[in-house]
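Below: sequence and its predicted model.
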Amino acid sequence: MKLSTERATTSMIATIHTLKARAALDDETYREVLAREAGKRSAKELTVREAGRVIDYLRTASGDPGPAGAAAGLDGPIGSKLRALWITGWNLGIVRDRTDRAMLAYLQRQTGVSHVRFLQVAGSGSAAIEGLKTWLARAGGVEWPLQGDDVIAAKRAIIDAQWRKLIELGAVKSIGQAVDPMLDLEAYATRIARCNRWESLRSEDYDQVAKSLGHKLRNALVKIPSTDIEQEQ
């Protein structure tokens, strides 16, 4: 279900009522805020996206700064997955700023929700995660495995996408006209991981290879005009 149609969670509604009290809003003023920010007259009618907008407004109105630090609360399952995908975008050269703050800004633009603490319902969190994966597939060329829980296959798909981009940029030289330059990836990956074959790579080895390829890819990208690079929207 899309965040634009999914109902606001119980915790989001409770947050709205708490902030309403802190802002000392009477009922009529509160209804006007809901109408202006979301076109609704009751918090129970809000979608997840609309509730995010109302919460952000009420935080400002009540002087509530929220959790300490813009990136607080990212260590749960949803936040960790979103952070990992955002770093993947950085390593693919399609994210300019790898910080949590930039990721949260992207999340707000795409979902209307300002922080992953408002995405604790499985449906909402999954929608945000799948949205990032779809963007990485479109802009980064990642061909995600059909088995969504295959972590190693997903990490292999990421470094495959990085290598393809490097080939497109001319940063990888083929070992021969009759040989697919993708075959050179194993030699590169096993050298970085200090092992002999794909089967020897552990999950953390794939992370190290992706980090190394990310550095190589970003160096290659600075040599072409920025207008030719698709960046996050």
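Cool, the structure landed.

just checking, what packs against the helix-or-strand element of the chain with minimal mean pLDDT?
Scoring the helices and strands of the chain by mean pLDDT, DSSP states H and E places helix 48-62 at the bottom, with a mean of 76. Taking 3 or more C-beta pairs under 8 Å, 6 or more residues apart in numbering; DSSP states H and E as the contact definition, the neighbouring helices and strands of helix 48-62 are helix 10-22, helix 27-38, helix 100-111. Quick note: C-beta positions are derived from backbone N, CA and C, even for glycine.

can we see that at 6 Å?
Judged by 3 or more C-beta pairs under 6 Å, 6 or more residues apart in numbering; DSSP states H and E, the packing partners of helix 48-62 are helix 10-22, helix 27-38.

can these go into JSON lines with extra columns for mean pLDDT and distance to residue 133?
Supplementary listing: these in JSON lines, determined by pLDDT from 0 to 100; distance: least, C-beta to C-beta, whole Å:
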{"stretch": "helix 10-22", "mean pLDDT": "84", "distance to residue 133": "24"}
{"stretch": "helix 27-38", "mean pLDDT": "87", "distance to residue 133": "28"}
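
mind putting those in CSV, distance to residue 198 and mean neighbour count included?
CSV is the format used below for those (distance: least, C-beta to C-beta, whole Å; neighbours: other C-beta atoms under 10 Å):
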stretch, distance to residue 198, mean neighbour count
helix 10-22, 44, 16
helix 27-38, 51, 15
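
closest to residue 104 out of those helices?
In terms of C-beta to C-beta, the element of the helices and strands packed on helix 48-62 nearest to residue 104 is helix 10-22, at 16.4 Å.

what angle separates that closest one from helix 48-62?
Using axes from the mean of the first three to the mean of the last three C-alpha atoms, to 10 degrees, the inter-axis angle of helix 10-22 relative to helix 48-62 is 20 degrees.

angle of helix 10-22 against helix 27-38?
Between the axes of helix 10-22 and helix 27-38, defined by the same axes, to 10 degrees, the angle is 130 degrees.

check which helix or strand covers residue 195.
Residue 195 is part of no helix or strand when elements are defined by DSSP states H and E.

typo on my end, residue 142
Element membership for residue 142 (DSSP H and E) is empty, with no helix or strand holding it.

Then the one 3 residues further on?
When secondary structure is defined using DSSP H and E, no element contains residue 145, which sits outside every helix and strand.

Please tell me I have it right and it contacts residue 152.
No: contact criterion C-beta atoms under 6 Å: residue 145 and residue 152 do not qualify, at 9.1 Å.

how about the helices of the chain, start to end?
In the chain, helices defined by DSSP state H lie at 10-22, 27-38, 48-62, 77-91, 100-111, 122-140, 151-168, 184-193, 203-221, listed in chain order.

follow-up on the earlier one: with distance to residue 59 as extra columns, can I get the helices and strands packed on helix 48-62 in CSV?
Converted to CSV, these look like this (distance: least, C-beta to C-beta, whole Å):
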stretch, distance to residue 59
helix 10-22, 6
helix 27-38, 12
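
closest one to residue 184 among those helices?
Closest of the helices and strands packed on helix 48-62 to residue 184 is helix 10-22, at 49.4 Å (criterion: C-beta to C-beta).

Distance from the chain centre to that closest one, please.
Shown here is helix 10-22, whose average C-alpha point lies 26 Å from the average C-alpha point of the whole chain (C-alpha atoms, centre = their mean, to the nearest Å).

What residue spans form the domains of the protein?
Partitioning the chain according to automatic domain parsing yields domains covering residues 10-62, 77-228.

Excluding chain neighbours, give the residue nearest to residue 87 in space.
residue 98 (6.1 Å; C-beta to C-beta, 6 or more residues apart in numbering).
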